[in-house]
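> Quick one: sequence and predicted model below, then my questions.
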Amino acid sequence: MNLARKASADPIPVDDATTFPKLLAELDRRYGDGRIAVQEKRYGIWQSHTFRQLHARVRDFAHGLASLGVGPGQVVAVLGDNRPEWLISELASQSLGACTVGIYPTSVGEEIVQVLSDARVKVVVAEDQEQVDKIIELKDRLPDIETVIYYDTRGLELYQVPYLLEFTAVEAKGREWAAAHTGWLDEQIAAGRADDVAVICTTSGTTGRPKLAMLSHANLLCMGRSLNEVDPMPSGNRYLSFLPLAWIGEQMISVACGLQMGFTLSFAEEAVTQRADLRELGPDMMFSPPRIWEDMLSSIMVRVGEAGWLKRKTFAWGQAVGDRHAEIKL
Amino acid sequence: MSRAYRHNLNGSTLQAGALQMEIRDITLRFGGVRALDGVTFSVSQGDIHAIIGPNGAGKTSLLNCISGLYRPQVGEIIFHSGQRGDRNLVHTKPGMIARLGVARTFQNIELFRHMTVLENIMLGRHTHMRHSLLTSFLYYGPARRQEIRERELVEEVIDLLEIQAVRNKQVGALAYGFQKRVELGRALAMQPALLLLDEPMAGMNAEEKEDMARFILDVNDLAGVTTVLIEHDMGVIMDISDRVSVLDFGRCIADGSPTEVGADQAVRDAYLGQEAHA
């Protein structure tokens, strides 16, 4: 294996005071505007945030959440597809000593009520009209909810709901709040310990109602580090994140590995464009459960089966080379 | 970094509710056949105005008169465009009518089948593009910047109509429902003051109709674009339109809110009754 590549695979050192917001600050120091932290495809092109831009937005949003009364030990819920705002909400909550619980965007009714009431959530970050409508409909059963923050404004412009706030408005509020509380956030971040709860994930719920599992920074960081020992993931890897961030697996790779190694995370444009985005991006690594690989394999094999003889021969040759390469690497 | 759209799709400067178009006594004859016979009604800014009627009632002919494809023998169509003044569309060339902000879709999809979705919708920006053939051909300097600027608006339309997945696909290879959306997209890309939709939901299944109705409402609610549409699905008409005009054998037999028109006996006899017997 290439030594230079291996050297760059060394993760940022961690200790019992390491939290994700501290890792983000370190990545900002290391790479600043020189490396893309997260990008999403929107309006047909990849729109990016560098580590510095991401860090700045996380700080603004953290201040904004603080102005809404979010503090240590509280839980902020995020309901939506994988977008930069998801990650920003998570890191901003953690900066305040709070944590996030992700709700799958396909969840409805009882599932949402259960997670939000069990975690005593006061602030929900919801992606768009579809998700906001769900919360509004359930509001009577969720007396704890004080604020719902949305980031895709389409269709929400005309809503007259007092507890609705736009994501950018919270960021703006945060900037104002920060001006009056200089240095406050740095103290909050410095006070964070690796044993603090970082995220809450729901169990699969195969044998009953899903339970909420509290995962500490230390827990996630250790998972990421161990994974990196077995299969080194060099810094600067391009990674397409398309499985829900509410799922522990995606948290492990995108956040735990991503922030330790300094990945460039990419979010697909829409669920239906995943394959095209994948091809366009040519990611260095992917992470999926077997079902997705099987589905991908079968769709490729069907297309190869329908192709002409020259394409089939080329594919067979390429596949053999790939197999040999993989065996040598392992 | 707000995710709100940056471009306003509404090309009209009129206040909502202001008089936008007056159709006065329009008569259109093909030889001995009177396709339209003294049709009079008006359209207000910001409304979804439905035109209904049995087959052959003259609905599409009326739309063709508005967009300048047909020239009626009698009557006038006054289009109020705010700052740009009032204009009689009857004596205006179709290209000029498009420049005034009248955009339309067709009953039998009229798209460039061998071009991509993106290229077709970019064509909607044609009236807003200013550069010469040479600079455009070389894709150089201002022409390139213009293309990028126009593409931003087109991408918002693609986002609004949720056709990202087929952005680079040839239109001819798409399902019918998608083609209808692309056609609506091309009309929207013009930033129309008045949108004419000729049977936007014909031949669609219930789910596709629901999607299309959602898009029409979005365009109307959010951007405030006045929409005149022809449609046969009475359920959809009653649900989404603000005003309904009914044509029968070239004559306007009723004009009012959906509930008024639904209760009108002449309309029931001419149209709804017929459908019930069919």
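Received the coordinates, thanks.

> which residue ranges form the strands in the stretch 1-150 of chain A?
A:36-42, A:45-50, A:75-79, A:99-103, A:123-126, A:147-150 (DSSP state E, counting those that start in this stretch).

> Nearest residue to the residue of chain B found nearest chain A in space, please, no chain neighbours.
Here chain B gets closest to chain A at one residue, B:Glu155, 3.6 Å apart by CB to the nearest CB. Bear in mind the C-beta positions are built from the backbone N, C-alpha and C, glycine included. Spatially, and ignoring its direct neighbours in sequence, B:Glu155 is nearest to A:Tyr43 (3.6 Å; CB to CB, 6 or more residues apart in numbering or on different chains).

> who touches the one you found in this structure?
B:152, B:155-156, B:158-159 (CB atoms under 8 Å, 6 or more residues apart in numbering or on different chains).

> Could you give the number of residues near B:Gly203?
Other residues within reach of B:Gly203, judged by other CB atoms under 10 Å in any protein chain shown, total 13.

> To clarify, my last question referred to A:His63.
26.

> which residue packs closest to it, ignoring adjacent ones?
A:Gly174 (3.3 Å).

> next helix or strand past the helix or strand hosting that neighbour?
A:Gly174 belongs to helix A:167-180 when assigned by DSSP states H and E. Per DSSP H and E, the first helix or strand lying C-terminal to helix A:167-180 is helix A:184-190.

> Now for residue 84: which residues touch it?
As the question left the chain open, I've gone with chain A. Applying CB under 8 Å, 6+ apart to A:Pro84 gives the contacts A:38, A:40, A:49, A:54, A:57, A:267.

> not what I meant, chain B
B:Leu100.

> what about stretch B:197-207, near chain A?
No. Using CB under 8 Å from any CB of the partner chain, stretch B:197-207 stays clear of chain A, with a minimum separation of 15.3 Å.

> Any buried residues in that stretch, and which?
Using 16 or more other CB atoms under 10 Å in any protein chain shown as the test for burial, stretch B:197-207 gives B:197-202, B:204.

> Stretch B:144-160 too?
Buried, per 16+ other CB under 10 Å, within stretch B:144-160: B:146-147, B:150-151, B:153-160.

> Within range of chain A, give me the residues from the stretch 151-278 of chain B.
B:151-152, B:155-156, B:158-160, B:162, B:164-165, B:167, B:218, B:221-222.

> Not counting its neighbours along the chain, what's nearest A:Ile292?
The shortest distance from A:Ile292 to any non-neighbouring residue, by CB to CB, 6+ apart, is to A:Leu243 (7.8 Å).

> so that neighbour, which of the three states?
coil (DSSP: H, G, I helix; E, B strand; the rest coil).

> doesn't A:Arg291 make contact with it?
No. The pair A:Leu243 / A:Arg291 is not scored as a contact, 10.8 Å apart, by CB atoms under 8 Å.

> Those two: which is more packed in?
Legend: neighbour count by other CB under 10 Å for A:Leu243 and A:Arg291, higher for A:Leu243 (18 against 8).

> any idea how far A:Ile200 is from chain B?
Counting by CB to the nearest CB, to the nearest Å, the gap from A:Ile200 to chain B is 26 Å.

> Output stretch A:301-309 in PDB with nothing but the alpha carbons.
What follows is stretch A:301-309, C-alpha atoms only, in PDB (Å, rounded to 0.1, in the frame of the first residue of the first chain):
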ATOM      1  CA  MET A 301     -26.100  -7.400 -14.300                       C
ATOM      2  CA  VAL A 302     -29.400  -7.000 -16.100                       C
ATOM      3  CA  ARG A 303     -28.000  -4.100 -18.100                       C
ATOM      4  CA  VAL A 304     -24.800  -6.000 -18.900                       C
ATOM      5  CA  GLY A 305     -27.000  -9.000 -20.000                       C
ATOM      6  CA  GLU A 306     -28.800  -6.700 -22.500                       C
ATOM      7  CA  ALA A 307     -25.600  -5.200 -23.900                       C
ATOM      8  CA  GLY A 308     -23.800  -6.200 -27.000                       C
ATOM      9  CA  TRP A 309     -21.000  -8.900 -27.000                       C
END
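
> which other residues reach that stretch?
By CB under 8 Å, 6+ apart, the surrounding residues in contact with stretch A:301-309 are A:311-312, A:315.

> Any chance of the contacts of A:Pro84 in CSV with pLDDT as columns?
Formatted as CSV, the contacts of A:Pro84 follow (pLDDT from 0 to 100):
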residue, pLDDT
A:Val38, 94
A:Glu40, 92
A:His49, 93
A:Leu54, 95
A:Arg57, 95
A:Phe267, 92
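
> ok, of these, which one's closest to chain B?
Comparing the contacts of A:Pro84 against chain B with CB to the nearest CB places A:Arg57 closest, at 7.7 Å.

> which residues in the stretch 51-200 of chain A form helices?
Taking DSSP state H, counting those that start in this stretch to define them, one finds helices in the stretch 51-200 of chain A at A:51-67, A:84-95, A:109-118, A:129-138, A:167-180, A:184-190.

> Pick the most deeply packed of those helices.
helix A:84-95 (a mean of 27; mean count of other CB atoms under 10 Å in any protein chain shown).

> Quick one: work out the angle between that helix and helix A:167-180.
Helix A:84-95 runs at 30 degrees relative to helix A:167-180, counting by axes from the mean of the first three to the mean of the last three CA atoms, to 10 degrees.

> distance of A:Phe61 from chain B?
11 Å.

> low-confidence ranges in the chain?
In the absence of a named chain, chain A is used. Filtered on pLDDT under 70, chain A yields the residue ranges A:1-10.

> Chain B is the one I meant
Within chain B, the segments meeting pLDDT under 70 span B:271-278.

> Just the C-alphas of the top helix by length along it, formatted as PDB.
In chain B, assigned by DSSP state H, the helix with the most residues is helix B:142-160. Extracted in PDB, the C-alpha atoms of helix B:142-160 (Å, rounded to 0.1, in the frame of the first residue of the first chain):
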ATOM      1  CA  PRO B 142     -21.500  37.800 -22.200                       C
ATOM      2  CA  ALA B 143     -23.400  35.000 -24.000                       C
ATOM      3  CA  ARG B 144     -21.900  32.500 -21.700                       C
ATOM      4  CA  ARG B 145     -22.700  34.500 -18.600                       C
ATOM      5  CA  GLN B 146     -26.200  35.000 -19.900                       C
ATOM      6  CA  GLU B 147     -26.700  31.300 -20.400                       C
ATOM      7  CA  ILE B 148     -25.500  30.600 -16.800                       C
ATOM      8  CA  ARG B 149     -27.800  33.200 -15.400                       C
ATOM      9  CA  GLU B 150     -30.800  31.900 -17.300                       C
ATOM     10  CA  ARG B 151     -29.900  28.400 -16.300                       C
ATOM     11  CA  GLU B 152     -30.300  29.300 -12.600                       C
ATOM     12  CA  LEU B 153     -34.000  30.200 -13.200                       C
ATOM     13  CA  VAL B 154     -34.500  27.100 -15.300                       C
ATOM     14  CA  GLU B 155     -33.100  25.000 -12.500                       C
ATOM     15  CA  GLU B 156     -35.500  26.500 -10.000                       C
ATOM     16  CA  VAL B 157     -38.400  25.500 -12.400                       C
ATOM     17  CA  ILE B 158     -36.900  22.000 -12.600                       C
ATOM     18  CA  ASP B 159     -36.900  21.900  -8.800                       C
ATOM     19  CA  LEU B 160     -40.400  23.200  -8.500                       C
END
